[in-house]
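Peer 1: Quick one, structure for this:
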Amino acid sequence: MSFFVSQRTHEIGIRMALGASPRDVLALVLRRGLWLTLSGVGVGLAGALGLAQVMSSVLSGIGAVDPVAFGAVPAILLAVAMLSCYVPARRAATVDPLVSLRCE
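Peer 2: Prediction:
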């Protein structure tokens, strides 16, 4: 997300010069991070469910689906991802439009 923000600093500066509030910029970056995270968690859960069926047939005494693990792990991943997206989003929200437009 930090790379995403650094690549789009010029665009963010233009948005802020045209009237976007820091809250709008914060929401833009957090929305992008949430979309990437949810996509990854969805693919990961689908793969984990498929692999759980294979592993339960290979190993004895292990259930196919553990609801605690399949609920807690995505929740923790989402929380960590949102926290890690917040720092670059906060930095993007404080971009001075004049400085970002003058850089390029």
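
Peer 1: Checking the residue most central in space within the chain next. Helix, strand or coil?
Peer 2: By C-alpha atoms, centre = their mean, the chain has its centre lying nearest to Gly33, at 2.7 Å. Classification of Gly33 using DSSP: H, G, I helix; E, B strand; the rest coil returns helix.

Peer 1: What are the neighbouring residues in contact with it?
Peer 2: For Gly33, the contacting residues are 1, 81-82, 84-85, 89, by C-beta atoms under 8 Å, 6 or more residues apart in numbering. Where C-beta positions appear, they are placed from N, C-alpha and C, glycine not excepted.

Peer 1: And Arg15, by the same measure?
Peer 2: Going by C-beta under 8 Å, 6+ apart, Arg15 touches 24-25, 28.

Peer 1: which among the residues you listed gets closest to Leu77?
Peer 2: If you rank the contacts of Arg15 by distance to Leu77 using C-beta to C-beta, Leu28 comes first, at 21.6 Å.

Peer 1: That closest one and Ala48, how far apart?
Peer 2: Taking C-beta to C-beta, to the nearest Å as the measure, Leu28 and Ala48 are separated by 30 Å.

Peer 1: Compare neighbour counts for the two and give me the winner.
Peer 2: Comparing Leu28 with Ala48 by other C-beta atoms under 10 Å, the one with more neighbours is Leu28, at 19 against 15.
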